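**Q** just coords:
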């Protein structure tokens, strides 16, 4: 998934993206009534809008019935969390960057991974445990050049000045 960072700066754009991700067929009452049969109940957490269904009286918003039900995080924080997970950022780093509780984010991350495994069982890793070194690749690059002494190497077949071993 790509998350363009410029789109993440707008709270309404983040809400619209979450609405699309959580309700690809459109938002509706949890009891199945269309949004046309609902009215705006509260706007105190804009851009998140709470609706009330005229048919059944049920109150709901974009997070009702989803993994994010009951959250007080803004759509921007949720999108940034999803972006970090998709990029492989550690939960501890995400918690620091978002000013969120690490345990709560880890719990949500595990829930998302379980849902992804249910949705795509053939694409999951074959073993139950994955070690951290299996998840990251080091493309053979070194951090810095190895230390070289200032003296020149002896010519092939010749021993340099002074004994190099005790057997001589």
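**A** Looks like it arrived, so ask away. A quick note: this is a predicted structure, and the numbers were derived from the prediction, not measured.

**Q** what's the average pLDDT for the biggest helix by length in the chain?
**A** In the chain, taking DSSP state H as the definition, the longest helix is helix 102-119. Helix 102-119 carries an average pLDDT of 88.

**Q** Would you map the strands across this structure?
**A** 38-45, 48-53, 59-60 (DSSP state E).

**Q** Which of these sits closest to residue 83?
**A** strand 48-53 (18.7 Å; CB to CB). C-beta coordinates here come from the backbone N, C-alpha and C atoms, glycine included.

**Q** Name the nearest residue to residue 93, ignoring sequence neighbours.
**A** residue 84 (7.5 Å; CB to CB, 6 or more residues apart in numbering).

**Q** returning to what we had before: who touches the longest helix of the chain?
**A** Residues from elsewhere that reach helix 102-119 (CB atoms under 8 Å, 6 or more residues apart in numbering): 67, 81, 85, 91-92, 94-95, 98, 124.

**Q** 7 Å instead?
**A** 67, 81, 85, 91-92, 94-95, 124 (CB atoms under 7 Å, 6 or more residues apart in numbering).
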